[in-house]
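S.K.: make a model of this:
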Amino acid sequence: MTKQEKTQNKKMNEKTSANTNSCDNKDCPFHGSLKARGRTFEGVVVRKHDKRLAIEFERMIYIKKFERYARKKTRVHARLPKCLESTINIGDLIKIQECRPLSKIIHFVVIEKIKDKEELK
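M.R.: Numbering: from 1, shown residues only. Purely as a prediction, here's the structure:
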């Protein structure tokens with residue numbers, strides 16, 4: 001087995017384990033009634049709390065005055081379902097998707113884990 005096949009098998013196992021672990025959380029897009037729709041982002045987990053996490057990603061913006069591009073970092077908070085709580089850690093690359101407002105700062109929900117912290121290095 002090549003390294004790529006191993007990572008693909010690992011991803012498939014994580015997806016199926018996330019779907020088979022039933023959680024009683026109503027704010028889960030897999031087992032609850034929360035509908036994820038709208039924009040999706042990929043970012044690195046910066047902070048992890050009980051029911052939420054913060055991800056950070058870079059974007060390029062154009063500065064008209066200097067006619068150049070600059071890098072900006074954006075930090076977004078997302079709801080972390082109980083079924084994915086054990087698989088996601090700080091430093092992992094994840095995908096989040098927009099949903100209805102869940103609190104003052106949470107408007108996104110975690111959809112999947114893309115890469116581990118070790119795989120990003």
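S.K.: residues touching residue 60, list them.
M.R.: 69, 70, 71, 72 (Cβ atoms under 8 Å, 6 or more residues apart in numbering). C-beta here means a position set from N, CA and C on the backbone, and glycine is covered the same way.
S.K.: hmm, I was thinking of residue 93
M.R.: Residue 93 sits next to 42, 43, 44, 113, 114, 115, 119, 120 when contact means Cβ under 8 Å, 6+ apart.
S.K.: let's see that with 6 Å instead.
M.R.: Taking Cβ atoms under 6 Å, 6 or more residues apart in numbering, we find residue 93 in contact with 44, 114, 115, 120.
S.K.: columns secondary structure, pLDDT and distance to residue 59 on top of these, output as TSV?
M.R.: What follows is the contacts of residue 93, written out as TSV (DSSP: H, G, I helix; E, B strand; the rest coil; pLDDT from 0 to 100; distance: Cβ to Cβ, whole Å):
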residue	secondary structure	pLDDT	distance to residue 59
44	strand	96	13
114	strand	94	18
115	strand	93	19
120	helix	81	18
